[in-house]
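K.L.:
Starting from these lines, generate the structure:
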Amino acid sequence: MLKKRDVFHKKYFYVIFLIILVLLAGILFFKKPKDLSVTIFTKPYNISSECETTDYLSVNILINQQDTYFTSLDKINSSYLQDNYGNSIKLVIVNINLEDNDYTIYDKVYYNYTYKFKVDFCVNSDYELYMEKAVLSLNYANNLHSKINIGSFSYYKHLPNAERMSTNYLAAVTNSDNGTGLWGVKLGLRSMSREDITIKNLKFLDGTIERSEVIKGENKDITNINSCIPSYPTIDGVKELNYTLEYNTPLYFTIGINYLKNNFILPLNCFGIRVKYIYMENYYYYYITPFMFYKSTYFRIPFEELEMITYAYK
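P.N.:
Numbering: from 1, shown residues only. As a prediction, this is how the structure comes out:
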């Protein structure tokens, strides 16, 4: 038989236990929000593909914490790429992966996440879009709306190439000191047609650059490369060329690059090329698939130029 004092102690224990549970629940519910810091290395993004091709865009976002709502795939309701001129492209999130490499920025570790999106866009004819300042908009289930400037975005869709010419050679002219800094492109073209083809223009498929001087040669080891490297802006990029491409006889070009916009953290190293030509008195385009001209892990991170975005979450 329990004594009155034992019953009192037991009730007292239950009351204390309930008070502790309520306090813990209150702490968890009303805990001070944590700061989630997000940044990105801006760069020129570009996509060039045939109309029926499904396109994907991968963006690396640096985050100072792991496993938060920001990297939860099922929390993203919608995503877009937008600019200040009303241009918008819908994106569909495919996956989010944590990469092996992280970065220390101002004594804080930032984890490198790759967000892969499918470009939800359809067109059945040639199409061009350039966003000078492309903003990635992520809309989450908890009403968070994140907007991140990723750099520039160039988008080109085109009909399939006619089988009149092919790419015979493609290489980069880079800074000889460290293999970075794209100064020009070496291009070889070969005709597959019995009829002559006249090359009228060569266009780089990224809105941040244009071609400058073009040097033609009979082999890929074209000399006088430095003469096609512009030291100041030129207008040669809008002038038509006039080179004849004969059947099964390749032509080689070294094409200088004129940078229209170059204030990104990461340099431009991959893009396609469009060849404008005349065939049997009509104008056509030949598209060269985006090519990785160089791949280098060397670059200086200008921390002072990084845009930090901070969110508070529980």
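
K.L.:
Bridge partners for Thr244, pull those for me.
P.N.:
According to DSSP bridges, the partner residues bridging Thr244 are Thr198.

K.L.:
Check what pLDDT it gets.
P.N.:
For Thr244, the pLDDT comes out at 93.

K.L.:
which residues does it contact?
P.N.:
Asp196, Ile197, Thr198, Ile199 (C-beta atoms under 8 Å, 6 or more residues apart in numbering). Glycine gets a C-beta too; all of them are placed from N, C-alpha and C.

K.L.:
Next: Ile96.
P.N.:
For Ile96, the contacting residues are Thr71, Ser72, Leu73, Tyr113, Thr114, Tyr115, Lys116, by C-beta under 8 Å, 6+ apart.

K.L.:
Scan the residues you listed and report the most crowded one.
P.N.:
Comparing the contacts of Ile96 on neighbour count, Tyr115 comes out first with 24 neighbours (neighbours: other C-beta atoms under 10 Å).

K.L.:
Show me where this protein dips below the pLDDT cut-off.
P.N.:
By pLDDT under 70, the low-scoring segments of the chain are 1-34, 175-180, 218-238, 296-300, 311-314.

K.L.:
Tell me how it divides into domains.
P.N.:
35-158, 165-292 (automatic domain parsing).

K.L.:
returning to that earlier point: and the buried ones among the contacts of Thr244, selectable in ChimeraX?
P.N.:
Buried residues among the contacts of Thr244 (16 or more other C-beta atoms under 10 Å), as a ChimeraX selection:
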select :197,198,199
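
K.L.:
quick check, nearest of the contacts of Thr244 to Asn149?
P.N.:
The nearest member of those to Asn149, counting by C-beta to C-beta, is Ile199 at 37.2 Å.

K.L.:
how about stretch 73-90: buried residues?
P.N.:
Lys75, Ile76, Ser79, Tyr80, Leu81, Gln82, Asp83, Ile89.

K.L.:
Out of the contacts of Ile96, the closest to Asn60 would be?
P.N.:
Nearest to Asn60 out of the contacts of Ile96 is Thr114 (C-beta to C-beta; 5.4 Å).

K.L.:
Now Phe41: closest residue in space, sequence neighbours ignored.
P.N.:
Ile265 (4.0 Å; C-beta to C-beta, 6 or more residues apart in numbering).

K.L.:
The one you found and Leu306 touch, don't they?
P.N.:
Yes: the pair formed by Ile265 and Leu306 meets the contact definition of C-beta atoms under 8 Å, at 7.3 Å.

K.L.:
which neighbours do the two share?
P.N.:
Common contacts of Ile265 and Leu306, defined by C-beta under 8 Å, 6+ apart, comprise Phe41.

K.L.:
what's the distance between the closest residue in space to Asp196 that isn't next to it in sequence and Tyr287?
P.N.:
The shortest distance from Asp196 to any non-neighbouring residue, by C-beta to C-beta, 6+ apart, is to Thr244 (5.5 Å). Distance, Thr244 to Tyr287, by C-beta to C-beta, to the nearest Å: 21 Å.

K.L.:
same thing with Val123?
P.N.:
Val123 is 14 Å from Tyr287, by C-beta to C-beta.
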